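> Sharing a sequence plus its predicted fold:
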Amino acid sequence: DAGVIQSPRHEVTEMGQEVTLRCKPISGHDYLFWYRQTMMRGLELLIYFNNNVPIDDSGMPEDRFSAKMPNASFSTLKIQPSEPRDSAVYFCASSWGGGGDTQYFGPGTRLTVL
Amino acid sequence: EDQVTQSPEALRLQEGESSSLNCSYTVSGLRGLFWYRQDPGKGPEFLFTLYSAGEEKEKERLKATLTKKESFLHITAPKPEDSATYLCAVRDSGTYKYIFGTGTRLKVLA
């Protein structure tokens, strides 16, 4: 299995631009999580899906952030418009609800907003 | 509110010098406590899940233990390749939300 796949690995953009981060979870997993990691705040859960349905988005910082999961093999996290304080590493993780609680993380997308 | 606090923030050990990392947690109903290892530039890698007080798990030089208020990750005779950030997380029994601590950065010197 290829594991959780994220793209792009690095993104540099200017303030005000739209940014879209992509994630392909492990096949067969029914939970998908989006996290943001910064030095100051550590790893924070933004939103999670179960069977493609958003369950809890209370961690999404503002209306500028949105996430979708159109099918079981693809999810996006969009920031529009982006701001310098959005600079962070964004991780996607997936797990199988029927097989315990282990989350498998992707390699992350390092976002820099100038 | 669920909360996870890890200590120390950073730890430097000589190769072979055993030590422990601490994870204190506050959660209304513990579904599980998780330990992850994170190398620079990579995503967290799963190590252990502990479900109830008194439980212990081992993997090579690592041993995780759990009480009702905290967990310890014991590192026995560490090697330089054990250098990484170790993250602790909890999941409340009523949700699939995972709350992470800010981690302990471990450096093992040869």
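That came in fine, so what should we check first? None of these values were measured; they are calculated from a predicted model. Residues are numbered from 1 along each chain as shown, chains lettered A, B, ... in the order given.

> Residue numbers of chain A in contact with chain B?
Residues of chain A lying close to chain B by Cβ under 8 Å from any Cβ of the partner chain are A:4, A:31, A:33, A:41-45, A:48, A:50, A:55-56, A:91, A:93, A:97, A:100-108. All C-beta atoms are positioned from the backbone trio N, CA, C, and that covers glycine.

> Generate a PyMOL selection restricted to the buried subset of those.
Selecting the buried subset of these in PyMOL, with 16 or more other Cβ atoms under 10 Å in any protein chain shown as the burial test, is done by:
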select buried, chain A and resi 4+31+33+42+43+45+48+56+91+93+101+102+103+104+105+106+107+108
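
> Counting only strands, which of the residues of chain A next to chain B make the cut?
Using DSSP state E, the members of those that fall in strands are A:31, A:33, A:42-45, A:48, A:50, A:55-56, A:91, A:93, A:104-105.

> what's the most distant pair in those?
The span of these, defined through Cβ to Cβ, is set by A:42 and A:50 at 24.0 Å.

> does the residue nearest to residue B:23 when sequence neighbours are not counted have beta-bridge partners, and which?
Spatial nearest neighbour of residue B:23, excluding adjacent residues (Cβ to Cβ, 6 or more residues apart in numbering or on different chains): residue B:88 at 3.5 Å. Assessed by DSSP bridges, residue B:88 has beta-bridge partners residue B:35.

> And residue B:6, by the same measure?
Assessed by DSSP bridges, residue B:6 has beta-bridge partners residue B:23.
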